[in-house]
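Asks: got a predicted model here, sequence first, then my questions.
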Amino acid sequence: MKYLLLSIICLCILGSCDNPDPNTDSSGTDELEALEIDQNLSRDDQVYKDKFYVPIYSDIYVDQQNQKVLLAATLSIRNTSYKDTLFVTKIDYFNTKGALVREFIDNPILIAPMATVNYVIERDDDTGGNGANFIVDVTGRTDTIKPLIQAVMIGQHGNKGFAFATDAYSTL
């Protein structure tokens, strides 16, 4: 009886452990949604405009026995300007076949000078496949603003961990 009670307590404790969503803050609000601004950006104000393609790998081939190893991917959008604000007007996620999987924002996101926005695609989310990608549209009020956009993938196979990054490519 004592072991049964101890087992039930352990199960309750383990069951109450919740993996928090890495894309939400402590109040449960999606961090991208929290950064959205409720205004339309005037096209006349936006001198800098660019569209970026960011390759993502949801899984990779390792060997014949374990052909598919799932990866977590983090999209990182960095404003490298000391004084100018960067606006992100689109973050769309596409799968290997080129089909739109998810639109991440409804309104523009403001990224303050020297700030960064990250978004995580969980390891178990294989909706993108091994050829997934993001399309990210950015604008700025000066043509000197130069964002840095990358994706970082991380995974493990057996007792070995690995990580690698991909750079965004301007499509304009």
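Replies: Okay, I see it.
Asks: run through this structure and note the low-pLDDT ranges.
Replies: Scanning the chain for pLDDT under 70 picks out 1-32, 39-44, 66.
Asks: center of it - which residue?
Replies: By Cα atoms, centre = their mean, the chain has its centre lying nearest to residue 119, at 2.6 Å.
Asks: nearest residue to that one other than its sequence neighbours?
Replies: Using Cβ to Cβ, 6 or more residues apart in numbering and skipping the chain neighbours, the partner closest in space to residue 119 is residue 75 (4.6 Å). Quick note: C-beta positions are derived from backbone N, CA and C, even for glycine.
Asks: kindly report the same for residue 130.
Replies: Among residues not flanking residue 130 along the chain, residue 59 sits closest, at 5.1 Å (Cβ to Cβ, 6+ apart).
Asks: close enough to count as contact, the one you found and residue 132?
Replies: No. Applying Cβ atoms under 8 Å as the test, residue 59 and residue 132 come out as separate, 9.4 Å apart.
Asks: what about those two, which has more around it?
Replies: residue 132 (23 against 18; other Cβ atoms under 10 Å).
Asks: need the contact list for the residue nearest to residue 119.
Replies: By Cβ atoms under 8 Å, 6 or more residues apart in numbering, the residues touching residue 75 are 54, 56, 91, 118, 119, 120, 121, 134, 136, 149, 150, 151.
Asks: from residue 168, how far out is it?
Replies: From residue 75 across to residue 168, the span is 9 Å (Cβ to Cβ, to the nearest Å).
Asks: and residue 130, by the same measure?
Replies: 18 Å.
Asks: with residue 142 instead?
Replies: As judged by Cβ to Cβ, residue 142 and residue 168 stand 20 Å apart.
Asks: please apply the same query to residue 162.
Replies: From residue 162 across to residue 168, the span is 21 Å (Cβ to Cβ).
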